[in-house]
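Trainee: return atomic coordinates for the entry below.
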Amino acid sequence: MVEAPDCHYCRRWHAEVGQAYPNSPEGKFAPLRRVNIGAPELSHLTSLRYTPTFVLLQGRQEIGRIVGYPGASFFWEVLAGLLAKTAFANQLVEDIRT
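Mentor: Numbering: from 1, shown residues only. Below you'll find the model as predicted:
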C-alpha cells in the first residue's frame, strides 16, 4: 500500500478494511506492506502519483494495482480480480482440502 500521512482515503481504508485484511484469505496470501509515496524503495514502480495505491507484486514483478479507494466493496472486488491472476485460487482450494 502506497500511502501518505495526510491522505483521507488512506485513513478510510484503514478504518473500513485495514483491521480485517490481515486475517482474510487475501491478506494471508498477499500481506500488506505500507510504504509512503516517494520512498526510494518504490523507484522501480512507475506512475505512482495518488494515494492510496495498492500494488500487487510477485517478487519485484507488478501483477496489477488499485488506484484510490472509493469504498470497501470496490476494494474487495477489484482485489479479487487481481488475485485471479495469481495462484490465490489454487491456495484457497488447498486450504479447503486441509
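
Trainee: which stretches of this protein form helices?
Mentor: Using DSSP state H, the helices found in the chain span residues 8-13, 25-29, 72-83, 88-97.

Trainee: what sits up against the first one?
Mentor: Contacts with helix 8-13, where a contact means C-beta atoms under 8 Å, 6 or more residues apart in numbering, come from 1, 3-4, 51-52, 68-69, 75. Where you see a C-beta, it was placed from the backbone N, CA and C, and this is true even at glycine.

Trainee: let me know the closest of these to K85.
Mentor: Checking the contacts of helix 8-13 against K85 by C-beta to C-beta gives F75 as the nearest, at 16.5 Å.

Trainee: and the gap between that closest one and E16?
Mentor: According to C-beta to C-beta, to the nearest Å, F75 and E16 sit 8 Å apart.

Trainee: and S24, by the same measure?
Mentor: In terms of C-beta to C-beta, S24 sits 13 Å off from E16.

Trainee: for L56, which non-adjacent residue is closest in space?
Mentor: I63 (4.4 Å; C-beta to C-beta, 6 or more residues apart in numbering).

Trainee: quick test: name the residue nearest the centre of the chain.
Mentor: Closest to where the C-alpha atoms of the chain average out (C-alpha atoms, centre = their mean) is F54, at 4.1 Å.

Trainee: neighbours of the nearest residue to it once chain neighbours are set aside, how many?
Mentor: The shortest distance from F54 to any non-neighbouring residue, by C-beta to C-beta, 6+ apart, is to I66 (4.2 Å). Counted by other C-beta atoms under 10 Å, the residues lying close to I66 total 19.

Trainee: could you do Q19 as well?
Mentor: If you count neighbours by other C-beta under 10 Å, Q19 ends up with 9.

Trainee: and the pLDDT at it?
Mentor: What the model reports as pLDDT for Q19 is 95.

Trainee: that one and A4: what is the separation?
Mentor: Q19 is 20 Å from A4, by C-beta to C-beta.

Trainee: the contacts of helix 8-13 into a markdown table, with extra columns for distance to P31, pLDDT and neighbour count?
Mentor: Output for these, formatted as a markdown table (distance: C-beta to C-beta, whole Å; pLDDT from 0 to 100; neighbours: other C-beta atoms under 10 Å):
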| residue | distance to P31 | pLDDT | neighbour count |
| --- | --- | --- | --- |
| M1 | 11 | 97 | 19 |
| E3 | 15 | 97 | 20 |
| A4 | 21 | 97 | 14 |
| T51 | 19 | 97 | 21 |
| P52 | 16 | 98 | 22 |
| G68 | 21 | 97 | 14 |
| Y69 | 18 | 97 | 25 |
| F75 | 16 | 97 | 20 |
